[in-house]
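[1] Got a predicted structure plus its sequence, pasted below:
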Amino acid sequence: MGRLLSVSMLALLLGGCSDLGLFTNTKTADDGTYPNLGTVPARPAPRSDAPERQVAREGLAADRDNARYSADPIRR
């Protein structure tokens, strides 16, 4: 038990000596510049057209309506 305690204390002490500057990017904070909200890109084009989305919507609604839930446990 004493060995575990001493190893964990050593790990905590060595962890306190680490340099977090290697892992953080503070360049933008140091510059004093802020993002410009006027440069937001345009909305991307949809991947499907309206009829395809309607078919998918109807299929999902049909799946929801036809879903049957069982109280039986799932066998694995």
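    Structure's in. What do you need?
[2] Please go through this structure and pick out the longest helix.
    Ranked by residue count and defined by DSSP state H, the top helix of the chain is helix 50-66.
[3] Now do it: everything it contacts.
    By CB atoms under 8 Å, 6 or more residues apart in numbering, the residues outside helix 50-66 that reach it are Pro46, Ser48. Glycine gets a C-beta too; all of them are placed from N, C-alpha and C.
[4] Identify each buried residue in that helix, please.
    Neighbour counts over helix 50-66 (16 or more other CB atoms under 10 Å) mark no residue as buried.
[5] what's the least confident helix or strand in this protein, going by average pLDDT?
    Counting by mean pLDDT, DSSP states H and E, the chain has its least confident helix or strand at helix 27-31, which shows a mean of 60.
[6] what about Ile74, neighbour count?
    Neighbour count for Ile74, taken as other CB atoms under 10 Å: 5.
[7] same question, Asp49
    When neighbours are counted by other CB under 10 Å, Asp49 registers 8.
[8] The residue of the chain positioned farthest from its centre and Thr39, how far apart?
    Residue farthest from the centre of the chain, counting by CA atoms, centre = their mean, is Gly2 at 39.8 Å. Gly2 sits 60 Å away from Thr39, going by CB to CB, to the nearest Å.
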